[in-house]
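J.: Structure for the following, please:
(chains A and B)
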Amino acid sequence: MNRLGTFIVGYILLALELSLRPELMLASSGGVGPSPLFLFPLVVFAALNAPLSAALWTAGLAGLAVDLAAVRPAAGTVAMATIGPTALGYLAAAYFVALLRGMIIKRSALAFGFTCVVSAIIAQIVAASILLIRGLLDAQLAPPPGLWLRLGDALYTALTAVVLFYAFRSLAAILGMSESGHRRFGDFPASMSGRR
Amino acid sequence: MQGRLLLIIFGVTMFLLAILPGRFSAWLERPLVALVEMGTAPVAAPVNWAVRLVRRSPSPGFGGTGPAAEEVERLRQDAATFKVLYARALDEKERLERQIDQLNRGLALNPALPVRQFPAAVIGFHADLSSSLMKVRAGSVQGVLAGTVAVYDGVNLIGRVLDPVSDRVSRILPITDRQSGELKVAIFPGDLAPGRVSESSAQLAAATNPAIALGGPSLAANLTPRGDGSLVGFVFVLNERPGQPAPVAEVGTLVRLRHEAAWPRSAQMLVVGAIERVQTNERGRQFITVRPLFDVQRLSEVTLRLSAEDADAASPAGSGASPGTPTPIRSTTP
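T.: Have a look, this model is predicted:
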């Protein structure tokens, strides 16, 4: 995996997430509706195509960046970010995808979209659970988005995932993530891979 | 092995930071948040600009194009500004009368404070869309403090700046966000939003004469943000005059801030929004839904108002930042 290339692509996707997500939000009676995730498909793509450790670090750092960008009010007077929930959610999702990547069709955009939805659901459940614990310990923090809204975000992410899948494939050289035969828990030794 | 160990340490660290209360992680979180904001701004800001260009929303609350429409718009803004000044003058008169009583008992006077205003570009929102926190390009370098009031078009209240304030970026919590808390407001029957026509003859007279509208019997309400861009609350009557019909809230009437305990004096009488819906319960009490005259999500620029009162409240020395010379009549200086 090309770390610099992945960082640049992730940086652009994070900026798109901050600026485009509000515009793509679906209207709802409660005022806040589901909106798609932009950075998460990169995490899934890395989990499918990169070595396991690189994929997990990508997921952890991407989740940390999203946590730092998701500032919320506390006690109505202070703005603060909650570090950790999204990072751990993305880690769990990446590990889940890495466990199953031998069984996933990597050349299908629809399969990629479906994988993103399922893994995003896992990520959101993990993040919501951690925020629930945090809410019990820190009453001043504003209530986080409900689980249903988060699940809506996960479903909506299928759209961005399908679009980004083609972008990632065209950027595979920059990302350093080709559709090679990565095993579930590690790469083949170079002498056995047959690839140069 | 070492990589796996580092990953485990990272995971455990994230878990601990996630569950610990904010005061334990604020020292780490603030510089990292500033770093992410500064890092993503070069890409996020142009995308925001491009999105606004595509949407082509010229003015989020008032429409019209052409010289004549611009002149009408300018006159409307002037009228709205003067109404705020007049309402604040009436409020100030009541306050001075109370202070004269207090003076007679030997308490100190607070002098009226000028307000410094400056525009700040909206550079985006935060990734967590459950909160409507806005980011603006103005910070402590320009004198912005936690609690600085943000307005649109000079008189329409948007919200307040939250702590922490970085050098160049501030975060504003809109009054329509659930976390902003309750707002106490005043409603002057006849004080209508631009383009509105009163349905009652008594209030029609008031609508054509702001002095009547703002000096007559008024209503008050404690509004709570509902989280969908509106605020709701029950209405009660203030300043009922004998011989005059009890005032009623009407759709289209402007709602103004009157909450000295929680908001600075320079923010009093700013427009919170217009009444969108009125419901009456079985006891005859009116329940109103208020919505701001503009869409927070479409704002590209806000005006920050800094008064010496805010600066003194933030400075332990008491002198605080100088507010500078009072701004021209188009602003809302008292």
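J.: tell me which residues in the longest helix seen in chain B are buried?
T.: Secondary structure of chain B per DSSP state H: the longest helix is helix B:67-104. Going by neighbour count (16 or more other CB atoms under 10 Å in any protein chain shown), the buried part of helix B:67-104 is B:73, B:77, B:80-81, B:83-88, B:90-92, B:95. C-beta coordinates here come from the backbone N, C-alpha and C atoms, glycine included.
J.: following it, which helix or strand comes up?
T.: Later in the chain than helix B:67-104, the nearest helix or strand by DSSP states H and E is strand B:115-125.
J.: Quick one: list the elements packing against the helix or strand following that next one.
T.: Helices and strands here follow DSSP H and E; after strand B:115-125, the next one along the chain is strand B:134-136. Using 3 or more CB pairs under 8 Å, 6 or more residues apart in numbering or on different chains; DSSP states H and E as the contact test, the elements touching strand B:134-136 are strand B:115-125, strand B:170-174, strand B:301-307.
J.: and the angle from the last one to strand B:170-174?
T.: Here strand B:301-307 points in a direction 100 degrees away from that of strand B:170-174 (axes from the mean of the first three to the mean of the last three CA atoms, to 10 degrees).
J.: Pairing partners for strand B:301-307, with directions?
T.: In the sheet, strand B:301-307 lines up against strand B:115-125 (antiparallel), strand B:149-152 (antiparallel) (DSSP bridges).
J.: Can you point out the buried residues in it?
T.: With burial defined by 16+ other CB under 10 Å, the residues of strand B:301-307 counted as buried are B:Val302, B:Thr303, B:Leu304, B:Arg305, B:Leu306, B:Ser307.
J.: now the third one: how far from chain A?
T.: Going back to what we said before, that points to B:Leu304. Distance, B:Leu304 to chain A, using CB to the nearest CB, to the nearest Å: 16 Å.
J.: And the fourth one, by the same measure?
T.: When distance is defined by CB to the nearest CB, B:Arg305 is 18 Å away from chain A.
J.: Over to the second one?
T.: As defined by CB to the nearest CB, B:Thr303 lies at a distance of 20 Å from chain A.
J.: ditto for the fifth one
T.: In this view, B:Leu306 and chain A are 17 Å apart by CB to the nearest CB.
J.: tally of neighbours for the residue in chain A that chain B sits nearest to?
T.: Closest contact between chain A and chain B, by CB to the nearest CB, is at A:Gly84 (2.8 Å). Here the count is done by other CB atoms under 10 Å in any protein chain shown, and A:Gly84 has 25 residues near it.
J.: Return the distance of it relative to B:Leu75.
T.: Distance of A:Gly84 to B:Leu75, given as CB to CB, to the nearest Å: 53 Å.
J.: same thing with A:Phe165?
T.: A:Phe165 sits 54 Å away from B:Leu75, going by CB to CB.
J.: Just the mean pLDDT for the helix or strand in which B:Ser25 is found, thanks.
T.: Applying DSSP H and E as the criterion places B:Ser25 in helix B:22-55. Average pLDDT, helix B:22-55: 77.
J.: Now do the buried residues in it.
T.: For helix B:22-55, burial by neighbour count (16+ other CB under 10 Å) applies to B:22, B:25, B:29-30, B:32-34, B:36-37, B:39-41, B:43-45, B:47-48.
J.: near chain A, from those residues?
T.: When CB under 8 Å from any CB of the partner chain is applied, the members of the buried residues of helix B:22-55 adjacent to chain A are B:22, B:25, B:29, B:32-33, B:36-37, B:39-40, B:43-45, B:47-48.
J.: quick one, what contacts the nearest residue to A:Val44 once chain neighbours are set aside?
T.: Computed as CB to CB, 6 or more residues apart in numbering or on different chains, the closest residue to A:Val44 that is not its neighbour in sequence is A:Cys116, at 4.9 Å. A:Cys116 sits next to A:Phe40, A:Pro41, A:Val44, A:Thr157, A:Ala158, A:Ala161 when contact means CB atoms under 8 Å, 6 or more residues apart in numbering or on different chains.
J.: doesn't A:Ala158 make contact with the second one?
T.: No: the criterion here is CB atoms under 8 Å, and A:Pro41 misses it with A:Ala158 at 9.5 Å.
J.: of these two, who's got more company?
T.: It is A:Pro41, of A:Pro41 and A:Ala158, that has more neighbours when counted by other CB under 10 Å, with 27 against 20.
J.: So which residues of chain A form helices?
T.: Under DSSP H, chain A gives helices at A:3-24, A:40-49, A:52-69, A:85-100, A:109-137, A:147-170, A:172-175, A:190-193.
J.: Point out the most buried one among these.
T.: Across these, the average number of neighbours (mean count of other CB atoms under 10 Å in any protein chain shown) peaks for helix A:40-49, which reaches a mean of 28.
J.: Pull the distance from that helix to the chain's centre.
T.: The chain centre lies 7 Å from the centre of helix A:40-49; the measure is CA atoms, centre = their mean, to the nearest Å.
J.: And for stretch B:263-279?
T.: Its chain's average C-alpha position is 8 Å from that of stretch B:263-279, according to CA atoms, centre = their mean.
J.: residues in contact with B:Val136?
T.: B:Ala120, B:Ala121, B:Val122, B:Ile123, B:Ala150, B:Val169, B:Ser170, B:Arg171, B:Ile172, B:Val302, B:Leu304.
J.: so which of these would you say is closest to A:Arg101?
T.: B:Ile123 (38.4 Å; CB to CB).
J.: give me every residue that touches the closest one.
T.: By CB under 8 Å, 6+ apart, B:Ile123 lies in contact with B:Ala41, B:Ala44, B:Ala45, B:Asn48, B:Lys135, B:Val136, B:Arg137, B:Val169.
J.: Now B:Leu35. Nearest residue, chain neighbours left out?
T.: Leaving aside its sequence neighbours, B:Leu35 sits nearest to A:Leu68 (CB to CB, 6+ apart; 7.7 Å).
J.: just wondering, since we're on that neighbour, how far is it from B:Phe287?
T.: Going from A:Leu68 to B:Phe287 by CB to CB gives 41 Å.
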